[in-house]
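Trainee: Pasting the sequence and the predicted coordinates here, then a few questions.
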Amino acid sequence: MSLAPAVYLLGIGGIGGFFIGYALKKIAKILAIAIGVFFLAVISLGYIGALIINLEGFAEFVSKLLDPTQAAEVLMPLIANLPLVGSFTFGFLIGLKKG
């Protein structure tokens, strides 16, 4: 029994996760400001009447995203690749902390 494929998956997942987590934390700070300004603009335009927001359509869109059948389609590949996903998550969290 060879451990090389498992070590390879753990190493690639961990290193990849670290770099993605590090970069994501740096990008998230800039993105949070941009999203905040965008929502402030949308809410302000809605308040003064320059923009009409369809809340029913938004609620329908969110309910489709939270559909349990779609969640199963996303989770099954993750479970099938658990060692890679686990090491990626560990590296990702370390990258977030260091970033």
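Mentor: All right, it came through fine. Since this is a predicted model, take the numbers as computed values, not measurements.
Trainee: after the helix or strand of the chain with the lowest mean pLDDT, next one along is what?
Mentor: The least trusted helix or strand in the chain, going by mean pLDDT, DSSP states H and E, turns out to be helix 68-80, with a mean of 70. Sequence-wise, the next helix or strand downstream of helix 68-80 (DSSP states H and E) is helix 82-98.
Trainee: where are the low-confidence patches of this structure?
Mentor: Filtered on pLDDT under 70, the chain yields the residue ranges 1-3, 65, 70-72, 74-75, 78, 99.
Trainee: tell me the centre residue of it?
Mentor: Computing the C-alpha centroid of the chain and ranking residues by C-alpha atoms, centre = their mean puts residue 24 first, at 9.5 Å.
Trainee: Report the spatially closest residue to that residue, excluding sequence-adjacent ones.
Mentor: Excluding its sequence neighbours, the residue lying closest to residue 24 (C-beta to C-beta, 6 or more residues apart in numbering) is residue 96, at 6.9 Å. All C-beta atoms are positioned from the backbone trio N, CA, C, and that covers glycine.
Trainee: Report how many residues lie close to the one you found.
Mentor: Neighbourhood size, residue 96 [other C-beta atoms under 10 Å]: 17.
Trainee: which residues touch it?
Mentor: Each residue near residue 96 by C-beta atoms under 8 Å, 6 or more residues apart in numbering is listed here: 21, 22, 24, 25.
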